[in-house]
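[1] Sequence and predicted structure are below.
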Amino acid sequence: MSSIAVIGTGYVGLTTAACLADLGHQVIALDIDQTKIATLKKGKPTIYEPGLDEVMSRAIKSSRLRFTSDYGEAIPEAEYVFVAVGTPMGRRGEADLVFVKQAAKSIAGAMSKTVTIVNKSTVPIGTGDIVSRIVGENLEREIPFAVVSNPEFLREGSAIHDFMHPDRLVLGSHNKRAAKAVAALYSKLDTTILITDLHTAEMIKYASNAFLATRISFINEIARICERVDADVKIVSEGMGLDRRIGPLFLDAGIGYGGSCFPKDVKALARMAETLGYHPELLDAVMEINVDQRTLFVEKLREVLGGLRDQVIAILGLAYKPNTDDVREAPAIDVIQSLQQKGAQVRAYDPKAMPVLKRLLNGIEYCHDAYAAAEGADALLLVTEWDEFRTLDMERVKRLMRRPVVVDGRNLYDPKTMRELGFVYRGVGRS
């Protein structure tokens, strides 16, 4: 087994470190946030991800996983260094590589032997070359090294499963031997391995996320048309998905995509295209439709209530998707801010994300469960499709509400059933 350092302990880095250790490698995870490292050293995950605590605990007990904030401790003995730091959105929508560059410089300063640097972070095409240049310029003496792109395709909420059962592994490098060596780290996994050049591997990640975002915006546009022609978008999606050329995934109409990947990556790809003199018409449309979905959601509520000022609105779901506490680019944030601007009183409940959002948004009443949020509300907005919302006692919800209005941003409920219960119900693309 190999000695591996993982730089960054966010969703990608911590999952990667824990799972590589679970595969039998010796892993040290590094983060410059010493508070985070102190928590991890106690065996406590710093993010919510189903199954992560068990994998971490198993790896720590077997002495295959440890944590540090010191490059001098993590890098010298590592054969492979995985870079999994954030690439936040810049002012013009481009990916900001400041943390990647800082990591590359710090790696160079601590290297003592040949190492393979593996980019896990989602980065613009050509970033591997930038990392290679920075490392080369900052080495104290000549040390051979290689750079490999190994983009991640982990879904928050199922990241452990996705790591252990990937659809494919993509590895790209100017040094094919190095790419094959990184592939060998995953030898226990049963999957297809695609080895390509560095730039192509970087592009595969962006193209994949952009295509999935495009599917979501496409079905949301179809949903708008369905509402005008009295068709049901859920049945339309089902009919489309039965075609093997199309498939059923990412065809759920709703309030739009969010999270740390799709919004950032689509915008970064579009801005990268513009800097190269190409106008990305489709990508711009994908982003525009996604923003409009949130605006239309609030407008649908305003039409039902006749206005929003002084109305009590209950929000169910704050995370951008179920089974995570991540609120980055979450639709709920835009919806809440829009409601507040229009004078509504907002209360909210989410099984996992409330502690995170409390640090970001003020003026919200956070409730201990969905029923507390519904009590006395003029409308209930379903924003995140957590499983517990599927099994709510809707008769009890109706009795608690001041006005029985439900606007369902994820088409979680059956329109006919909701209306039979006495709700004024609005879904997305459903009559």
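    Perfect, I can see it now.

[2] Number of residues surrounding Lys205?
    With neighbours defined by other C-beta atoms under 10 Å, the count for Lys205 comes to 25. (Each C-beta comes from the backbone N, C-alpha and C, glycine too.)

[3] isn't there a strand covering it?
    No. The assignment for Lys205 (DSSP: H, G, I helix; E, B strand; the rest coil) gives helix, which keeps it out of a strand.

[4] Do I have it right that it meets Pro124?
    No. Applying C-beta atoms under 8 Å, one finds Lys205 not in contact with Pro124, separated by 10.2 Å.

[5] Just the mean pLDDT for stretch 3-12, thanks.
    Across stretch 3-12, pLDDT averages out at 96.

[6] Flag every buried residue along it.
    Ile4, Ala5, Val6, Ile7, Gly8, Thr9, Gly10, Tyr11, Val12 (16 or more other C-beta atoms under 10 Å).

[7] number of nearby residues for Glu202?
    Counted with other C-beta under 10 Å, Glu202 comes out at 24.

[8] Let me know how buried the closest residue to it other than its chain neighbours is, in neighbour terms.
    Take Glu202 and drop its neighbours on the chain: the residue closest to it by C-beta to C-beta, 6 or more residues apart in numbering is Ile125, 4.6 Å away. By other C-beta under 10 Å, the residues close to Ile125 number 18.

[9] Report pLDDT for Ile125.
    94.

[10] let's number from 279 now, not from 1
    Let's use 279 as the start, then, which means that last one is Ile403.

[11] Who are the contact partners of it?
    Shown in contact with Ile403 (C-beta atoms under 8 Å, 6 or more residues apart in numbering): His477, Glu480, Met481, Tyr484, Met550.

[12] if you go through the stretch 529-678 of the chain in chain order, where are the strands?
    590-594, 623-627, 642-644, 657-660 (DSSP state E, counting those that start in this stretch).

[13] Throw the ones you listed into JSON lines and include mean neighbour count, mean pLDDT and distance to Thr294, thanks.
    As requested, these are exported to JSON lines (neighbours: other C-beta atoms under 10 Å; pLDDT from 0 to 100; distance: least, C-beta to C-beta, whole Å):
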{"stretch": "strand 590-594", "mean neighbour count": "26", "mean pLDDT": "98", "distance to Thr294": "32"}
{"stretch": "strand 623-627", "mean neighbour count": "22", "mean pLDDT": "98", "distance to Thr294": "32"}
{"stretch": "strand 642-644", "mean neighbour count": "17", "mean pLDDT": "96", "distance to Thr294": "32"}
{"stretch": "strand 657-660", "mean neighbour count": "26", "mean pLDDT": "98", "distance to Thr294": "33"}
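
[14] now the ones you listed in TSV, with distance to Glu581?
    Putting these into TSV (distance: least, C-beta to C-beta, whole Å) gives the following:
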stretch	distance to Glu581
strand 590-594	14
strand 623-627	18
strand 642-644	23
strand 657-660	11
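
[15] contacting residues around the closest residue to Ser390 other than its chain neighbours?
    Among residues not flanking Ser390 along the chain, Pro354 sits closest, at 4.2 Å (C-beta to C-beta, 6+ apart). Listed by C-beta under 8 Å, 6+ apart, the contact set of Pro354 reads Ala388, Met389, Ser390, Lys391.
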